[in-house]
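Peer 1: Dropping the sequence and predicted coords here.
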Amino acid sequence: MDNWSLGDIEVVSRAIVSAPSVHGTQPWDLRLEGTRAEIRERTEFTSAPRFTDVSPADRVISCGTGIANVELAMHALGRKIETDLLPYPRQPDLVATIRTVGSAPASSTELRLFSALARRRSHRETFADIPVPAATIGDIVAAARIGGVATTLLAPDEAHALADVLLYSADRIRHDPRHQRDIFSWTSHWLPQVGRESVDAFHSAVTREVSDPVITREVSDPVRLAAAIESETVLVFASDTQEPIDLLRTGIAVERAWLTAVDARLSASVLSHPLRIEDSAQRLAQRLNLTSHPQLILRIGY
């Protein structure tokens, strides 16, 4: 294979567009040329005023989810591939090159995960009170296995640790009107009926725009939040380092895990923002006895 048909281009383009990304920003550019696909980080996100609250780590992780989807699409097209992450030091925005190195029929697993792309959605509400089978959890964790990333299943007695960190993060920013909606979203995953809401007009000094966001000023009860977390299946993704290559691997890992969950008829949602607030990630690592850097949380359920 030495070129891309219009059908190939559509398949790969749809795959990367369907990848999850921070705030739906899709911070990547895709180029298909010759026998390879190139994925670059869109550097304009570093200066655009409306994206100033998007962390660099989340942008790179988002690029990793895009890489995972492009790999799946190329497998589905019958291409045998090799992926180089951050291949050129002098081109730091080029985060991955995925090259065709031959042809090979896609495996049944690859085809199922590719099919799951169209069904993947963020479920930001409570799950049904049905336990996820241990074997299914094992499959999801195995799908996320990649060098540089550790995927840890939160134990029931660790739910209080996660609840404490979420509420610690919320308390750090609860008086900042720019983040009030964020506080509600990351605690309401587990307790959607908790939190008094009000509507305030927020004036942006940067854009000079006035918006009317729904905000909440109430932080959840720690005992109830911990109990809700304990009732669910929660995975913590942590990178060996904070370097871009391990952040890309984190994105690849979480997308493979998420698609494996969807293939098992499960729903999921990701939380990363709470771990970007001050020293919250370090606190969670200490509470869970992790030697790596927590990057995001994946909730899974029916």
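Peer 2: Looks like it arrived, so ask away.

Peer 1: Low-confidence ranges, the stretch 51-200 of the chain, go.
Peer 2: Within the stretch 51-200 of the chain, the stretches with pLDDT under 70 are 51-53, 174-189, 191-200.

Peer 1: Tell me where it has strands.
Peer 2: 79-85, 94-103, 149-153, 197-199 (DSSP state E, counting those that start in this stretch).

Peer 1: Who is the residue at minimal distance from the centre of the chain paired with across the strands?
Peer 2: In the chain, the C-alpha closest to the average C-alpha coordinate belongs to Val270, at a distance of 5.4 Å (CA atoms, centre = their mean). Beta-bridge partners for Val270, by DSSP bridges, are Leu298.

Peer 1: I figured it hits Ile297, correct?
Peer 2: Yes. The pair Val270 / Ile297 is scored as a contact, 6.9 Å apart, by CB atoms under 8 Å. All C-beta atoms are positioned from the backbone trio N, CA, C, and that covers glycine.

Peer 1: Could you chop the chain up by domain?
Peer 2: Residue ranges for the domains of the chain, per automatic domain parsing: 6-119, 134-160+226-301.

Peer 1: okay, the ones you listed, which one's buried deepest?
Peer 2: Of all the domains of the chain, domain 134-160+226-301 has the most neighbours on average by mean count of other CB atoms under 10 Å, namely a mean of 20.

Peer 1: mind checking the end-to-end distance for that domain?
Peer 2: Criterion CA to CA, to the nearest Å; first-to-last residue distance in domain 134-160+226-301 is 12 Å.

Peer 1: Which stretches in the stretch 151-300 of the chain count as helices?
Peer 2: Along the stretch 151-300 of the chain, counting by DSSP state H, counting those that start in this stretch, helices occupy 159-173, 180-188, 222-230, 244-263, 280-287.

Peer 1: Sorry, slip of the keys, the one I care about is the stretch 1-150 of the chain.
Peer 2: Remark: helices assigned in the stretch 1-150 of the chain by DSSP H, counting those that start in this stretch are 6-17, 56-76, 108-116, 134-143.

Peer 1: could you dump these to CSV with distance to Pro244?
Peer 2: Putting those into CSV (distance: least, CB to CB, whole Å) gives the following:
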stretch, distance to Pro244
helix 6-17, 18
helix 56-76, 5
helix 108-116, 25
helix 134-143, 22
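
Peer 1: Those helices: which one's closest to Arg99?
Peer 2: helix 56-76 (9.5 Å; CB to CB).

Peer 1: Thanks a lot, catch you later.
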